[in-house]
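1. structure for this input, please:
(2 chains)
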Amino acid sequence: MNCFMKTVGTLCLTLGIAATPAAAWEPEKPIEIVVGFSAGGGTDVMARTLATAAQDSFPVPLVIVNRAGASGVSAAEYVARQPADGYTLLVTGGSESTSVPKHREVGYDISEDFQGILRAVRMRIVLLVREDSDIASVEDLVAQAKEAPGEIVYASSGAGSLYHSTMLAFGDEAGIDLAHVPFKGGAETMVALLGGHVDVALASPDEAQRQIEAGKVRALAVTSDDRFPGLPDVPTLQEVGYDVYLDNMKGLSAPAGLPEDIYQYLNSRFAEAVKSDEFIDLAEKSGLEISYLDGPAFDAQIAKMSKAIGKALD
Amino acid sequence: MTFFFMALGEVLQASNLLILAASVVVGLVTGAIPGLTVNMAVALAVPLTLSMSPVASIMMLLGLYCSGVYGGSVSAILLNAPGTPASAATSLDGYPLAKQGRAGLALKVAILASVIGGLFSVLLLILVAPGLAEIALRFGPVELAGLLLFSLALVALVSGADPMKAMFATGLGVLMSSVGSDPMLGTPRFIFGINDFYDGIPFIPLLIGLFAVSEMLFAAEYWFRNRDKPLDFSKQRRTNRLDWAEARRIFLPVLSGSVIGSFVGMLPGLGASVSSFLSYSVAQKTSRHSDEFGKGAIEGVASAEAANNAVTGSAMIPLLALAIPGDSVTAILLGALMIQGVAPGPMIFSTAPDMVYTIYLALLLANLFIAVLALVAIRPLTLVLRIPQVYLYPVILVMCVAGSYVLRSSGWDVATMFAGGILGYMLRRMSVPLAPLLIAFILAAPFEEAMRQGLTMSRGNPGVFFSNPISLGFVLVTVAMVAGSAFMNKGKAV
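-> Just a heads-up that it's a prediction; the model follows:
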């Protein structure tokens, strides 16, 4: 019996070693996916679903760690200090990547300290007014703002947030000046708009969709480079003549300097997860738009949007 | 009506009732452990609901939500360690009651008030949700600034023993709340180059420190001076009985707490801690026993608990009617409901009435389950007080440290907890009341934010607070209240 076990064991080992290419990297301890926002929020749900969908193809657990604080900056500062060994990943692509570093000093440089693994989803940004507003189009908005500089009030989900920067970029491009009122998040922004306390608001499609369907708010434009399939009649800012292209993106990045085989390992497995039925199903229900990009392409998008925001703030 | 019976049939299925009962138990335990918050319990339950039916997942999430908010009061009363921020106001009077050997009474009052508050707000939700949602929308920054000004003034007037000490505590609370990023511009304030301060002083670790850790320091001091002596645990059942005299005393505080909690709950951005402290202040201001507050007044426990549980039902009002979550827990609920294919919003009453009824029934049942379970648990729970403190406190301290750490995986938060403990110990040593500090800490930040948002909207014209009818109303009431209080105290001046 003992002899038999030994033989089987040796056989398995030999086969196992033979089947594994010499250079391939395999994780040996749990991989941390750091989320810069609290549990239950949109970013957190995206990360948890992605991790669940990808778990089967990893030999080690994927652990979600919430390090909420300062619009995701605390988490980014933490991950930037970790070794580039593939065991610590950060959910990137939103305010902490493209917007906040342009508003104030942070303890990392998004393009130098991080490298992308993949982009999983994008969330469009929609420019909204109330149904009874006399602003009917982007042209109206620009015309009225030029007539009375600083009189039109818009709501964003926080000072230095991506939404704040988006409006600054649009104002810079259109040569208009609007008054900014920051709120604590999407919910309060929508209340301010619905209650008539501000004239314009920025929101994500999943926050705005129900109100649009109920006929309470109207979408003026989306800020992406093509129309949002869920709102096919709403033009992009580029279509109406303003060169603004900003998206809220969600993907994974690692501390810069990751060896190529580790990048390949992580990228291929997470890319597979993004295509899984489980992820597609959840994305559909939570209003996320799956939009895969590989690591270098994701980095290029982050760099492009950071640059656009930096230009608007100068 | 057919939809109602459809929902009732689903909700009353044995499996769904079992899920509700289990989640109420889990919620109670999570709520009672300091640092483990309702938000966390609900957020962690969301992945579990992915494989469940919509009805079962609604019952699980709402069971966790309601019982978690109640559960915080158990540890607030027994250990002076509020399990959730919303139950901090409960420990102000609940723990002194426990020290007098009346923990059983305090727990009973907390259950009664919680359940009445919870049911009151659910009934409001059922009867007038869409109408109330419209009122909630009227509350923009200008109106909120008025409401919060009124609340802050109320706190200032509700000073306990020494007005100077209360004022000092209020000032310290306001100062501490101004640490962090400027709400309008995002520029750092009072952070002394420490980035961990950017989000301000974290509330939950501070709270655990001020209450639980300072209590342990007191116990340690007492132990060094004398000998270890467990709290007086009264064996007399009479002092712990809730009879008519007590019921009459808490009637008004419970009612006002239910109304205040329901109102604050449906305004986005304020939440259960604001409502419980506001209700506590109102109860103290209007009570004939106001001098007993802070020393073990059952009205204090009743008003705070009614208010924080009334939030659970009314936070669902904007969620269902407008798809706008009233607080961070309902924000998580919104996501979870959408994953289940239930889309809250103005259309839900016509597109998915069965789901609306399911939510109503789940909330009602959750409150009833809490009442039953909590009543059964009172006797075993009070036994905790018989454990000698040398064994009990180390265990609680470990839980406090873990609870502070786990929220943001941050060692800084643990340091904040210990700093809060030392601060709380020193303040209590100087008999500076903690209540004004906490209330000011909670109210000052939203007040500043609302006021500055309002000023931006009016292009810097402060007249907006006086031309807006709702805000003007609050300002007038505040002025009348301050003037009245000054007039009444004139004779008493030393």
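2. and the gap between the spatially most central residue of chain B and residue B:43?
-> For chain B, residue B:86 is the residue whose C-alpha lies nearest the centre (CA atoms, centre = their mean; 1.9 Å). Taking CB to CB, to the nearest Å as the measure, residue B:86 and residue B:43 are separated by 17 Å. For glycine as for every other residue, the C-beta is placed from the backbone atoms N, C-alpha and C.
3. do the same with residue A:142
-> In terms of CB to CB, residue A:142 sits 41 Å off from residue B:43.
4. hang on, isn't the residue nearest to the centre of chain B packed against residue B:311?
-> Yes: using CB atoms under 8 Å, residue B:86 is in contact with residue B:311, at 7.4 Å.
5. picking that back up, residue A:142 and residue B:43: which is more packed in?
-> Neighbour totals were compared for residue A:142 and residue B:43, and residue B:43 leads with 27 against 21 (other CB atoms under 10 Å in any protein chain shown).
6. beyond the strand or helix carrying the more buried one, next helix or strand please.
-> Element membership of residue B:43 [criterion: DSSP states H and E] is helix B:38-49. Remark: after helix B:38-49, the chain's next helix or strand is helix B:54-79, criterion DSSP H and E.
7. what packs against that next one?
-> On a contact count with 3 or more CB pairs under 8 Å, 6 or more residues apart in numbering or on different chains; DSSP states H and E, helix B:54-79 meets helix B:2-11, helix B:14-32, helix B:38-49, helix B:88-99, helix B:103-138, helix B:298-314, helix B:328-339, helix B:353-382.
8. give me the contact list for the helix or strand containing residue A:52.
-> Assigned by DSSP H and E, residue A:52 belongs to helix A:42-55. Contact with helix A:42-55 is made by A:33, A:35-38, A:61-62, A:64, A:66, A:72, A:91, A:94, A:120-121, A:123, A:204, A:206, A:250, A:252, A:269-270, A:272-274, A:276, A:278-279, A:282-283, A:286, A:288, B:43, B:46-47, B:335, as judged by CB atoms under 8 Å, 6 or more residues apart in numbering or on different chains.
9. next: stretch B:10-22.
-> Contacts of stretch B:10-22 (CB under 8 Å, 6+ apart): B:52, B:55-56, B:59-60, B:63, B:354, B:358, B:361-362, B:365-366, B:369, B:373.
10. how many neighbours does residue 145 have?
-> This is for chain A. Using other CB under 10 Å, residue A:145 has 23 neighbouring residues.
11. um, chain B though
-> Residues lying near residue B:145 (other CB under 10 Å) number 26.
12. surely it is in contact with residue B:471?
-> Yes: here residue B:145 lies in contact with residue B:471, judged by CB under 8 Å, at a distance of 6.5 Å.
13. so what sits against both of these two?
-> residue B:465.
14. got the contact list for residue A:196?
-> Contacts of residue A:196 (CB under 8 Å, 6+ apart): A:130, B:137, B:140.
15. at 10 Å instead, please
-> A:130, A:132, A:133, B:137, B:138, B:140 (CB atoms under 10 Å, 6 or more residues apart in numbering or on different chains).
16. assign a three-state SS to the third one, would you?
-> For residue A:133, the reduced secondary structure class is coil; criterion used: DSSP: H, G, I helix; E, B strand; the rest coil.
17. test my guess that it contacts residue A:127.
-> No: because the distance of 11.6 Å does not satisfy CB atoms under 10 Å, residue A:133 is recorded as not touching residue A:127.
18. and residue B:392, how far is that from residue B:90?
-> Residue B:392 is 20 Å from residue B:90, by CB to CB.
19. whoops, I mixed them up, residue B:21
-> Distance from residue B:21 to residue B:90, by CB to CB: 24 Å.
20. which of those two has more neighbours?
-> Neighbour totals were compared for residue B:21 and residue B:90, and residue B:90 leads with 34 against 17 (other CB under 10 Å).
21. list the contacts for the more buried one?
-> Contacts of residue B:90 (CB under 10 Å, 6+ apart): B:70, B:72-77, B:82-84, B:106, B:109-110, B:113-114, B:276, B:280, B:300-305, B:307-308.
22. roughly how far apart are the nearest residue to residue B:260 once chain neighbours are set aside and residue A:80?
-> Leaving aside its sequence neighbours, residue B:260 sits nearest to residue B:279 (CB to CB, 6 or more residues apart in numbering or on different chains; 4.4 Å). To residue A:80, residue B:279 is 44 Å away according to CB to CB.
23. what's the answer for residue B:169, then?
-> When residue B:169 is compared with residue A:80 (using CB to CB), they lie 40 Å apart.
24. higher neighbour count, the two?
-> More crowded of residue B:169 and residue A:80, by other CB under 10 Å: residue B:169, with 25 against 20.
25. for that one, helix, strand, or coil?
-> Strictly by three-state DSSP, residue B:169 counts as helix.
26. contacts only, for it.
-> B:155, B:159-160, B:162, B:427, B:432-441.
27. report pLDDT for residue 78.
-> If you meant another chain, say so; for now it's chain A. With respect to pLDDT, residue A:78 scores 90.
28. meant chain B actually
-> Predicted confidence (pLDDT) for residue B:78: 90.
29. could you dump the helices and strands packed on helix B:54-79 to TSV with mean pLDDT?
-> Listed next are the helices and strands packed on helix B:54-79 as TSV, based on pLDDT from 0 to 100:
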stretch	mean pLDDT
helix B:2-11	85
helix B:14-32	92
helix B:38-49	83
helix B:88-99	90
helix B:103-138	89
helix B:298-314	93
helix B:328-339	81
helix B:353-382	90
